[in-house]
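Participant: pasting the structure only:
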């Protein structure tokens, strides 16, 4: 049996978790899932559609929002009770954090960013390193169970319907398990389509120049029904919210079209957008690294190019 930790936000399942389930089915074993909190019981239908035969729901008064170490504790205790061959999750920030806690509790190694897994003694994994620019083949010598995370978009989420039963349990938590927790949420300004689901993304970097100069990107995004994205330096400067950051430490995306305006193309950013079907780069520097990754490149000032593209769209 393979156990997959699936992440959800108050009952809304994230797409990479479904991708992790598809990956788990490829290991030729029955698939179980763990979801945290009372709201997770409503996920049984969707998870059953994606091959989960048993949904384990961890319930506890502490699980009113994201509590990483407590979730790791619940995952570790469930792994001890069910003895899976492997424990998997998607390698987003939350998935990696929860599995790291579980690995420390179980005293087992944790292999992150695995694009291939061969179970055995030892297990063999192929890991994506350096923002996907290198693949590392490694053997994982574990005591009882392999813990590994799968990068988003390693495989596409494919349905494989089975009957899914729900089993609830209450983990035993220590006070330290709830020391770090979400205690409040402050809603940011809504920007329409989310990065993870967008088919088109208009993304800006340092070359935009200033936070008040984002108008051409917002205009084009509106015309295309696109999500807005940005590079790490933009969020570091406080120009745009972190929720819009594309990259290794932001959101990894795979749209049909990714428009990179004024982005130089650091390795960390390319790691987040390299799965895009088509990349259009706009930069005044023809030698910018982003140009070598682009399907189409325009050498020019984005503040001239983007309005021209918008005008052409309107004329059609």
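Facilitator: Received, thanks. The structure presented is a predicted model; accordingly, all values stated were derived computationally and were not measured. Residues are numbered from 1 along each chain as shown.

Participant: where does the stretch 151-300 of the chain have low pLDDT?
Facilitator: Applying pLDDT under 70 to the stretch 151-300 of the chain flags the ranges 187-192.

Participant: what segments of it are helices?
Facilitator: Along the stretch 151-300 of the chain, the segments classed as helices by DSSP state H, counting those that start in this stretch run 215-224, 232-236, 267-273, 290-293.

Participant: same list, these, but as TSV with mean neighbour count please.
Facilitator: To be clear about C-beta, it is placed using only N, CA and C from the backbone, and glycine gets the same treatment. Converted to TSV, the helices of the stretch 151-300 of the chain look like this (neighbours: other CB atoms under 10 Å):
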stretch	mean neighbour count
helix 215-224	18
helix 232-236	18
helix 267-273	22
helix 290-293	18
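
Participant: any chance of those in a markdown table, plus distance to residue 66?
Facilitator: As requested, the helices of the stretch 151-300 of the chain are arranged in a markdown table below (distance: least, CB to CB, whole Å):
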| stretch | distance to residue 66 |
| --- | --- |
| helix 215-224 | 29 |
| helix 232-236 | 20 |
| helix 267-273 | 22 |
| helix 290-293 | 33 |
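
Participant: so which of those helices gets nearest residue 8?
Facilitator: helix 267-273 (22.2 Å; CB to CB).

Participant: so who does the closest residue to residue 195 other than its chain neighbours touch?
Facilitator: Nearest residue to residue 195, sequence neighbours excluded (CB to CB, 6 or more residues apart in numbering): residue 251, at 4.6 Å. For residue 251, the contact set (CB atoms under 8 Å, 6 or more residues apart in numbering) comprises 195, 196, 229, 243, 245, 272.

Participant: any chance of a PyMOL selection covering the buried ones in those residues?
Facilitator: Buried residues among the contacts of residue 251 (16 or more other CB atoms under 10 Å), as a PyMOL selection:
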select buried, resi 195+196+229+243+245+272
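
Participant: out of the contacts of residue 251, flag the one nearest to residue 306.
Facilitator: For those, the nearest to residue 306 is residue 229 (14.0 Å; CB to CB).

Participant: distance of the closest one relative to residue 272?
Facilitator: Separation of residue 229 from residue 272 (CB to CB, to the nearest Å) stands at 9 Å.

Participant: repeat for residue 1
Facilitator: Counting by CB to CB - residue 1 and residue 272 are separated by 33 Å.

Participant: tell me, what residue is most central in this protein?
Facilitator: Geometric centre of the chain, nearest residue: residue 92, 4.0 Å, by CA atoms, centre = their mean.

Participant: right, and that one touches residue 14 too?
Facilitator: Yes: counting by CB atoms under 8 Å, residue 92 sits close enough to residue 14 to count as a contact (7.4 Å).
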